[in-house]
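J.: Give me a model of this one.
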Amino acid sequence: MEQKDYPLLYRLSDSSAIYAQKRHFQLVGAKIALLVIIALVTSFTWNQELIKPWFSAFWVILLLGGLFVMVLMYLKKYDYVWFSCRAVAESVKTESWRFMMKVKPYDNTISDPEAEDRFIANLKEILYRLPSVSSEITSHIKEGDQITERMREVRNKTLEDRKVFYIQNRIRDQIDWYATKSDWNRNKYSQWFFLTWFLQFAAIAVAVITIICFSYSLIRPVGLITTAAAGAMTWMHSKSYRELNQSYGLIAQELSFLEVQAKRVTTEKELADIVMDVERTISREHIIWLTRRFRES
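T.: Numbering: from 1, shown residues only. Below you'll find the predicted structure:
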């Protein structure tokens with residue numbers, strides 16, 4: 001399904017999560033850049049008398065820049081907003097698929113209007129669990145319905161059509177997404193891992209060469225290289241490349257097993273059971289990831 005086919009709350013929380021994630025990593029990158037700049041400046045042997053007029057101003061600017069970044073990270077809490085909005089978005093998405101597939105509490109034992117009332121009530125409950133992110137979500141407000149015509153259309157399909165739709169648009173879509181993201185994170189982890197080790201070995205080599213051949217050099221880049229290595233490790237850790245590669249790969253495998261079972265579904269109960277298993281698998285991954293990130297933040 002396309003983004004516009006999901007409830008408005010999902011689109012708002014998804015947009016808010018993307019915005020907060022982007023701002024969070026911009027600040028992390030700015031903090032690392034400031035440390036590298038400081039290391040670069042201090043790697044030179046300066047003539048204090050010649051540079052004193054502007055050198056002090058330069059350090060004041062760096063200090064103010066560092067304080068601005070730290071204060072902004074503390075006040076805005078973009079990481080918390082990102083995790084919270086992502087939790088809301090994924091919960092709404094899961095609830096939407098349960099509604100479309102007629103899984104309890106939206107099954108055939110109740111009328112469509114009652115199912116829609118329950119769905120709206122559950123969306124409100126999801127949002128109320130994290131009231132602190134409501135202002136962030138409403139800042140991205142736009143037109144849309146909480147129950148789209150596409151959702152109603154899918155809900156009114158036959159059992160077989162709903163099964164096929166769920167396999168193609170939820171299970172297969174998520175398998176492809178998790179598998180692609182797993183490969184992407186594995187490649188990124190390898191790149192940043194080798195970069196950090198390269199910089200660490202480079203620092204050792206430069207230190208040895210400087211001591212032996214250039215003991216009175218005007219530049220001592222060892223501190224700069226080690227700071228760059230530490231910055232690369234910080235970036236790699238903040239992105240969680242390794243953890244996401246492992247968890248995404250596992251989820252893709254689990255969903256592929258459930259896809260096989262889903263193709264054998266012949267009754268409403270079997271479809272409901274598969275939907276519950278699939279959504280539980282996806283939700284478990286998000287809960288584990290969010291718990292880990294909240295603990296680290």
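
J.: how about low-confidence regions in the stretch 1-150 of the chain?
T.: With pLDDT under 70 as the threshold, the stretch 1-150 of the chain has low-confidence stretches at 44-59, 131-132, 135-136, 138-144.

J.: all helices for it, in order.
T.: According to DSSP state H, counting those that start in this stretch, the stretch 1-150 of the chain carries its helices in the segments 8-42, 48-76, 78-100, 112-129, 134-138, 149-155.

J.: Then the stretch 151-297 of the chain?
T.: Assigned by DSSP H, counting those that start in this stretch, the stretch 151-297 of the chain shows helices spanning 159-166, 172-213, 222-239, 241-262, 268-296.

J.: returning to that earlier point: same list (the helices of the stretch 1-150 of the chain) but as a markdown table, adding distance to A202 and mean neighbour count.
T.: Just so you know, the C-beta spots here come from the backbone N, C-alpha and C atoms, and that holds for glycine as well. Written out in a markdown table, the entries for these read as follows (distance: least, CB to CB, whole Å; neighbours: other CB atoms under 10 Å):
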| stretch | distance to A202 | mean neighbour count |
| --- | --- | --- |
| helix 8-42 | 14 | 18 |
| helix 48-76 | 24 | 12 |
| helix 78-100 | 31 | 23 |
| helix 112-129 | 48 | 15 |
| helix 134-138 | 42 | 17 |
| helix 149-155 | 54 | 16 |
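
J.: So for I204, which of the ones you listed sits nearest?
T.: Of all these, it is helix 8-42 that lies closest to I204, at 16.2 Å by CB to CB.

J.: Near the closest residue to I171 other than its chain neighbours, how many residues? Count them for me, please.
T.: For I171, ignoring the flanking residues on the chain, the nearest one in space by CB to CB, 6 or more residues apart in numbering is E259 at 4.8 Å. Number of residues near E259 (other CB atoms under 10 Å) recorded here: 18.

J.: likewise R220?
T.: Other residues lying near R220 total 17 when counted by other CB under 10 Å.

J.: Can you tell me the closest non-neighbouring residue to it?
T.: Taking CB to CB, 6+ apart, and ignoring the residues beside it in sequence, R220 has S43 as its nearest neighbour in space, at 5.4 Å.

J.: you'd agree the one you found is up against A228?
T.: No: taking contacts as CB atoms under 8 Å, S43 lies outside contact range of A228: 11.0 Å.

J.: TSV please, covering the helices of the stretch 151-297 of the chain and showing distance to E116 and mean pLDDT.
T.: Formatted as TSV, the entries for those read as follows, by distance: least, CB to CB, whole Å; pLDDT from 0 to 100:
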stretch	distance to E116	mean pLDDT
helix 159-166	17	95
helix 172-213	24	90
helix 222-239	40	89
helix 241-262	25	92
helix 268-296	18	80
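
J.: among these, which is nearest F83?
T.: Closest approach to F83 among the helices of the stretch 151-297 of the chain (CB to CB): helix 268-296, 5.3 Å.

J.: Relative to L271, how far out is E160?
T.: 10 Å (CB to CB, to the nearest Å).

J.: These two: which is more packed in?
T.: Neighbours were counted for E160 and for L271 using other CB under 10 Å; L271 has more, 20 against 11.

J.: Could you report the neighbour count for the residue nearest to that one when sequence neighbours are not counted?
T.: By the measure of CB to CB, 6+ apart, the closest residue to L271 outside its immediate chain neighbours is V265, 4.9 Å from it. Other residues near V265 come to 21 when the count uses other CB under 10 Å.

J.: can I assume V265 is in contact with V275?
T.: No: at 9.5 Å, V265 and V275 do not qualify as touching, with contact defined as CB under 8 Å.

J.: For the nearest residue to K163 once chain neighbours are set aside, give me the pLDDT.
T.: By the measure of CB to CB, 6+ apart, the closest residue to K163 outside its immediate chain neighbours is V265, 5.1 Å from it. Note on V265: pLDDT of 92.

J.: is it true that T234 touches V28?
T.: Yes: with contacts counted by CB under 8 Å, T234 reaches V28, the gap being 7.4 Å.

J.: on that earlier part again, and the residue nearest to R220, what does it touch?
T.: The neighbourhood of S43, defined by CB atoms under 8 Å, 6 or more residues apart in numbering, consists of I219, R220, P221, V222, G223, L224.

J.: and M236, how many neighbours does it have?
T.: Using other CB under 10 Å, M236 has 18 other residues around it.
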